[in-house]
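Enquirer: Starting from these lines, generate the structure:
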Amino acid sequence: MMTNKQKSPYGVYLEYLQQGQLAYQYSTAANKAIFFPREICPETGLECLEWRVSKGFGTVYSTSAVHPREGAVYNVALIDCDEGFRLMSRVEQISPEQVKIGMRVQFKTHQPDGDDPYPVFVPVA
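Expert: Numbers count the residues shown, from 1 in each chain. Predicted structure coming up:
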């Protein structure tokens, strides 16, 4: 079995998602959360990244309702996770127009058949 050191950062990230966890890297040299997964710290250029698991809560930083030519309207949102990193995702379980800046959200894993899992968020009850 391969260890985290032997896998690509994206491969490790996907394994966490498959387990229903949102993982991110933390730079011990820069003392900050790093996302999207990478080999070296973008702040210092050092190999000082360790994996951590988010508690899964965040706040909508920005949102847009996308109206495709065909298919249902959906949203694209930037989520500021409580651990200090931002990621692009979407908010589900409400209509795209109901997603608001400042809304508290919680992480869920979306696992489509035959494709890689990815993070989505739902409003905090």
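
Enquirer: which secondary structure elements does the longest strand belonging to the chain contact?
Expert: In the chain, taking DSSP state E as the definition, the longest strand is strand 57-66. If contacts are counted by 3 or more Cβ pairs under 8 Å, 6 or more residues apart in numbering; DSSP states H and E, strand 57-66 sits against strand 74-81, strand 104-110. In this view, the C-beta of every residue, glycine as well, is placed from N, C-alpha and C.

Enquirer: name the helices or strands packed onto the longest one?
Expert: If I follow you right, that is strand 74-81. Other elements packing on strand 74-81 under the criterion 3+ Cβ pairs under 8 Å, 6+ apart are strand 57-66, strand 86-89.

Enquirer: Quick check: neighbours of the last one in the sheet, parallel or antiparallel?
Expert: Think strand 86-89. Its sheet considered, strand 86-89 pairs with strand 74-81 (antiparallel) by DSSP bridges.

Enquirer: list the buried ones in the partner strand?
Expert: Judged by neighbour count (16 or more other Cβ atoms under 10 Å), strand 74-81 contains these buried residues: 75, 77-79, 81.

Enquirer: repeat for stretch 94-105
Expert: Buried residues in stretch 94-105, counting neighbours by 16+ other Cβ under 10 Å, are found at 96, 99, 103, 105.

Enquirer: biggest separation within those residues, which pair?
Expert: Taking Cβ to Cβ, the two most distant members of the buried residues of stretch 94-105 are Pro96 and Val105; they sit 13.6 Å apart.
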